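Student: Pasting the sequence and the predicted coordinates here, then a few questions.
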Amino acid sequence: MDECIFCRISVGKSPANIEYSDNDVAVFWDINPRAPVHLLVVPKKHIPSVDDMSEVDEKLFGHMIGVARKVAKDKELNKDGYRLVFNVGKNSGQIVDHVHLHILGGQPLGTMNEQMNGSQL
C-alpha cells in the first residue's frame, strides 16, 4: 500500500532511523518517543491491526516478538526490563493503521495503573 507510511518506511521508500530489517519486518525509532528507547517493529506485509491478522499471519507475529526480543537485548534493555505493546484501534492510541509492536525501555516505565493515572509513562 503506497499510501501507508509504515509500508513505505519498511521497504525503504520513506526515511526513518532503521535499527534492523529482514525479509519480513523492519525496526525503526518512533518519531514521537515515550521513553529513551522507543522502537517500532513493523511487518513489511500491510496488516491494519491485530484484529485484522489471520491464522496465516501468526508466524509473522511470533517473528515480530522474536525480533523485538533480539533488538531489546542488543540495546541492553533486558538488564533492567522493557515493555512490548500492541495498540489495537483508535481507543488504544493506535494512530497508524498498520500493525506495529512498540519496544519501550531505558527508564522505569511504571505499572499500567500508574500510566493510566498519568504519574508515569
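Tutor: Now that the structure is in, tell me what you want to look at.
Student: Parallel or antiparallel, list what pairs with the lengthiest strand in the chain.
Tutor: In the chain, assigned by DSSP state E, the strand with the most residues is strand 37-43. Applying DSSP bridges to the sheet, strand 37-43 is found paired with strand 25-29 (antiparallel), strand 101-105 (antiparallel).
Student: what's the offset of that strand from the middle of its chain?
Tutor: Relative to the chain's own centre, strand 37-43 is displaced by 3 Å; criterion: CA atoms, centre = their mean, to the nearest Å.
Student: what's the answer for stretch 60-74, then?
Tutor: Worked out by CA atoms, centre = their mean, stretch 60-74 lies 10 Å from the chain centre.
Student: buried stuff in that stretch?
Tutor: Neighbour counts over stretch 60-74 (16 or more other CB atoms under 10 Å) mark Leu60, Phe61, His63, Met64, Val67, Ala68, Arg69, Val71, Ala72 as buried. C-betas here are computed from N, CA, C, even on glycine.
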